[in-house]
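Asks: Predicted structure and sequence below. I'll ask about it afterward.
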Amino acid sequence: MQTAATSPAAASAPPPRASRWILVGGVVLVSLLALAPLLSLLGGALFGEGPGGLALGVDGVEQMRGTLLLVAGEGFIGAILGTAIGWLTAVCRFPGRRWLRIAQLVPMAFPAYLLAASLIDWASYRGLRIHGLGWAVLLLTLANYSYVFLLSTESFSVSGRRLLEASRSLGVGPWPSFFRVALPIALPSIGAGVALSAMEVVNELGAVRLLGVPSLSAGILDRWQVDGNPQGAALLSLAALAIVALLITGERLLRQRSRRWNLEGRDAAEHVWQLRGWRALLAQLVTALPPLCALAIPVLWVQQGWQALAAESIGELAQLASRSLGLALLATGLTGMGALLLAICRRWSPQPFVQQLSFLAGLGYAIPGSVLALGLIVLGGPLGFSPVLLLLWGYGDRFMAVSKQGLDAGLERIPPSIDETAASLGCNWQGVLRRIHLPLLRGPLLVGSLLVFVDVVKELPITLALRPFDFDTLAVRVFQYASDERVGAAMAPALLIMALGLVAALALVPTLERRD
């Protein structure tokens with residue numbers, strides 16, 4: 001456990017008072033920018049004008065029901081799948097285990113709307129209809145179960161080793177040990193993973209629309225853009241935020257509980273089960289099937305319609321790519337600077353309100369993109385902000401936590417004694433930041449920037465709602481073509497998105513390797 005002397009807030013070489021207040025002012029500004037869309041949304045729901053008034057209506061109730069069913073279905077299947085794979089790859093040994101463990105990152109490269117568009121188009125040529133809640137649950141599970149896997153495999157790898165060793169010495173097998181010992185210990189981490197995947201389900205727009213499932217994310221944009229009812233859209237947004245607030249609260253409580261179990265070392269080599277024969281074959285099947293399905297859907301789609309690639313205009317594809325990559329580069333730079341400011345000030349400033357502001361500024365990742373987009377329209381529209389500025393604002397708000405999380409973890413690994421030594425040698429706080437912190441944070445900065453870059457390229461709800469007229473990106477064009485049943489024309493931009501997603505997934509491989 002961290003003590004007061006080693007916590008990030010207890011820095012030994014804080015900047016002078018004037019500079020510290022400048023940093024705190026920067027944190028306040030970043031936090032206000034992050035919270036302003038939600039505050040404007042609350043005002044729009046309570047005091048705005050709309051034909052529907054403060055009522056969800058029949059459609060709203062159906063969209064709430066659809067979202068809750070998606071969250072429940074994906075959470076249940078994702079919990080079982082992610083936990084089983086996490087257990088098998090953490091404490092069991094079988095041929096190909098290392099590569100199959102890394103393969104669990106592959107589904108994270110394919111957004112759910114790309115999987116839905118690919119499967120719908122591929123099945124249509126065979127007279128099959130992919131539609132409805134069941135298919136939505138399966139595809140969302142395939143796209144998001146990796147969150148449960150990542151957190152559960154970490155818990156299984158580092159927690160309860162002595163108890164597992166004791167159960168093994170009593171002749172208890174892998175699965176009885178799992179149910180009696182490991183699962184109760186890992187439940188907080190599993191619950192946190194389910195909460196994170198559920199947040200992605202609430203945010204999903206493209207897949208649910210393509211599959212015809214009513215959801216809050218799609219209903220928010222429909223009420224705003226189709227019905228012309230901003231107050232009704234704001235009310236639906238508050239309903240989505242209520243679901244997200246419950247998920248955030250549960251995720252934080254479960255993470256706090258999971259820390260109590262991490263009491264032992266990482267000496268995992270002696271406490272594993274060797275699987276042989278049919279058990280090894282079954283473990284290989286369970287761990288290989290989800291990433292193979294996630295990869296097979298787009299591969300079969302491309303194999304079926306690769307001729308459509310030749311008919312695509314290279315110039316138009318280059319224009320779409322340049323817009324997407326340009327927005328992603330700008331958003332990555334702005335997000336990285338904001339995240340670095342929050343992380344550094346969190347380390348150097350012991351005030352509780354700074355810690356709370358830093359936490360609030362990172363909540364955007366849990367908020368559905370359509371909710372953020374509506375809040376930015378309500379806030380920036382009357383002020384005449386340009387759509388591109390609102391887009392960058394929305395990207396920064398939503399993906400700040402992606403960059404900040406790695407920086408916070410990186411700073412926690414730098415002992416305050418290094419800051420003390422530098423200060424004793426006459427190095428001011430700017431020098432400590434430039435010559436010590438930034439070089440040691442190069443890895444988290446690069447990985448966080450890559451993840452933000454790819455997330456911005458893949459992001460659909462914010463881009464679809466806020467982009468300027470006739471300013472399509474790769475993600476928007478894929479969704480538009482799929483909605484118009486011209487999925488084959490979406491193949492080229494979809495391939496670019498999937499290639500970038502695979503690069504981002506590979507960036508997470510060292511994290512799994514460290515846990516192995």
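Replies: Perfect, I can see it now.
Asks: For L115, the count of nearby residues, please.
Replies: Residues contacting L115 under the criterion other CB atoms under 10 Å number 25. C-betas here are computed from N, CA, C, even on glycine.
Asks: sorry, that was for G232
Replies: Burial measure for G232: 27 neighbouring residues, criterion other CB under 10 Å.
Asks: I figured it was touching L216, is that so?
Replies: No - under the contact definition of CB atoms under 8 Å, G232 does not touch L216, with a separation of 11.9 Å.
Asks: roughly how far is stretch 284-292 from the heart of the chain?
Replies: In this view, stretch 284-292 has its centroid 22 Å away from the chain centroid, taken as CA atoms, centre = their mean, to the nearest Å.
Asks: can you give me the mean pLDDT across it?
Replies: Per-residue pLDDT values over stretch 284-292 give a mean of 94.
Asks: Which positions within that stretch qualify as buried?
Replies: Going by neighbour count (16 or more other CB atoms under 10 Å), the buried part of stretch 284-292 is Q284, V286, T287, A288, P290, P291.
Asks: What is the nearest of those residues to S155?
Replies: Proximity of the buried residues of stretch 284-292 to S155 (CB to CB) peaks at T287, which lies at 17.2 Å.
Asks: That closest one and A321: what is the separation?
Replies: Using CB to CB, to the nearest Å, one gets 34 Å for the distance from T287 to A321.
Asks: A116: which element?
Replies: When secondary structure is defined using DSSP states H and E, the element that contains A116 is helix 112-124.
Asks: Whichever helix or strand comes after that helix - contacts with which helices or strands?
Replies: Sequence order places helix 133-158 as the next helix or strand after helix 112-124, per DSSP H and E. Here helix 133-158 is seen to pack against helix 57-91, helix 112-124, helix 183-203, helix 206-210, helix 278-305, helix 509-515 when contacts are counted using 3 or more CB pairs under 8 Å, 6 or more residues apart in numbering; DSSP states H and E.
Asks: Remind me what the second one packs against, helices and strands.
Replies: Applying 3+ CB pairs under 8 Å, 6+ apart, one finds that helix 112-124 contacts helix 133-158, helix 206-210, helix 278-305, helix 474-483, helix 491-507.
Asks: what sits against L379?
Replies: Residues counted as contacts of L379 (CB atoms under 8 Å, 6 or more residues apart in numbering) are A36, P37, S40.
Asks: So for it, what's the nearest residue that isn't a sequence neighbour?
Replies: With CB to CB, 6 or more residues apart in numbering as the measure, S40 is the residue that lies nearest to L379, at 3.8 Å, once sequence neighbours are left out.
Asks: what mean pLDDT would you report for whichever strand or helix holds that neighbour?
Replies: Per DSSP H and E, S40 falls inside helix 17-47. Helix 17-47 carries an average pLDDT of 73.
Asks: Equivalent analysis for stretch 357-367, please.
Replies: Rounded to a whole number, the mean pLDDT of stretch 357-367 is 78.
Asks: just how off-centre is it within its chain?
Replies: Centroid displacement of stretch 357-367 relative to its chain, using CA atoms, centre = their mean, is 13 Å.
Asks: With stretch 385-392 instead?
Replies: A distance of 22 Å separates the centroid of the chain from that of stretch 385-392, by CA atoms, centre = their mean.
Asks: From the rest of the structure, what touches it?
Replies: Residues external to stretch 385-392 that are found in contact with it (CB under 8 Å, 6+ apart): 327, 330-331, 334, 376-377, 380, 393, 462-463, 466-468, 471.
Asks: let's see it at 7 Å
Replies: Judged by CB atoms under 7 Å, 6 or more residues apart in numbering, the contacts made with stretch 385-392 from elsewhere in the structure are L327, L330, A331, L334, L376, G380, I462, T463, L466, R467, P468.
Asks: Produce a PyMOL select command limited to the buried residues of those.
Replies: Applied in PyMOL, the following selects the buried portion of the contacts of stretch 385-392 according to 16+ other CB under 10 Å:
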select buried, resi 327+330+331+334+376+380+462+463+466+467
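Asks: what about the stretch 51-200 of the chain, any weak spots by pLDDT?
Replies: Within the stretch 51-200 of the chain, the set of residues satisfying pLDDT under 70 comprises 51-57, 158-168, 170-171, 173-175.
Asks: before we move on, the earlier item: nearest to V91, of the buried residues of stretch 284-292?
Replies: Taking CB to CB as the measure, V91 sits nearest to T287 out of the buried residues of stretch 284-292, at 13.0 Å.
Asks: check contacts around the closest one.
Replies: Residues in contact with T287 (CB under 7 Å, 6+ apart) are I85, L88, T89, L100.
Asks: What of Q63?
Replies: For Q63, the contact set (CB under 7 Å, 6+ apart) comprises P214, S215, L216, G219, L236.
Asks: Out of those residues, which sit inside strands?
Replies: With strands taken from DSSP state E, there is no overlap with those.
Asks: Least confident of those residues?
Replies: When those are sorted by pLDDT, the bottom entry is L236 at 84.
Asks: Distance check, that one against A339.
Replies: Note on L236: its distance to A339, by CB to CB, is 30 Å.
Asks: can you check L247 too?
Replies: Note on L247: its distance to A339, by CB to CB, is 22 Å.
Asks: the more surrounded of those two?
Replies: Using other CB under 10 Å, the more surrounded residue of L247 and A339 is A339, with 30 against 22.
Asks: Wait, that one touches L407, no?
Replies: Yes - checked against CB atoms under 7 Å, the pair A339 and L407 is within contact range at 5.6 Å.
Asks: so what sits against both of the two?
Replies: In terms of CB under 7 Å, 6+ apart, A339 and L407 are both contacted by the residues G448.
Asks: Of the contacts of T287, grab the buried ones for PyMOL.
Replies: A single PyMOL command suffices to select whichever of the contacts of T287 are buried according to 16+ other CB under 10 Å:
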select buried, resi 85+88+89+100
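Asks: Compile the contacts of T287 into a markdown table and extend it with columns for distance to L433.
Replies: Formatted as a markdown table, the contacts of T287 follow (distance: CB to CB, whole Å):
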| residue | distance to L433 |
| --- | --- |
| I85 | 40 |
| L88 | 43 |
| T89 | 39 |
| L100 | 41 |
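Asks: closest to A401 among the contacts of T287?
Replies: Lowest distance from A401 to those (CB to CB) belongs to I85, with 25.0 Å.
Asks: Thought L105 was touching the closest one, still the case?
Replies: No - in this structure I85 lies outside contact range of L105 using CB under 7 Å: 11.6 Å.
Asks: ok so, going back, and the contacts of Q63, which of them are in helices?
Replies: The helices in this structure, assigned by DSSP state H, contain L216, G219, L236 from the contacts of Q63.
Asks: ok, the last one touching S215?
Replies: No - proximity of L236 to S215 does not meet the contact threshold set by CB under 7 Å, at 10.0 Å.
Asks: Look at V106 and say how many residues are nearby.
Replies: Using other CB under 10 Å, V106 is surrounded by 19 other residues.
Asks: now R434
Replies: The number of residues packed near R434 is 12, by other CB under 10 Å.
Asks: what secondary structure does it sit in?
Replies: helix (DSSP: H, G, I helix; E, B strand; the rest coil).
Asks: From L340, how far off is it?
Replies: R434 sits 12 Å away from L340 when distances are taken as CB to CB.
Asks: do the same with D472
Replies: Here the distance between D472 and L340 works out to 32 Å (CB to CB).
Asks: what does L450 give?
Replies: When distances are taken as CB to CB, L450 and L340 turn out to be 15 Å apart.
Asks: Could you do L506 as well?
Replies: Here L506 is placed at a distance of 24 Å from L340 (CB to CB).
Asks: Quick check on the two: which one has the bigger neighbour count.
Replies: Counted by other CB under 10 Å, L506 and L340 do not tie: L340 has more neighbours, with 21 against 14.
Asks: What helices and strands are in contact with the helix or strand in which that one is found?
Replies: Applying DSSP H and E as the criterion places L340 in helix 314-348. Here helix 314-348 is seen to pack against helix 17-47, helix 352-361, helix 387-412, helix 442-458, helix 474-483, helix 491-507 when contacts are counted using 3 or more CB pairs under 7 Å, 6 or more residues apart in numbering; DSSP states H and E.
Asks: Thank you kindly, that will do.
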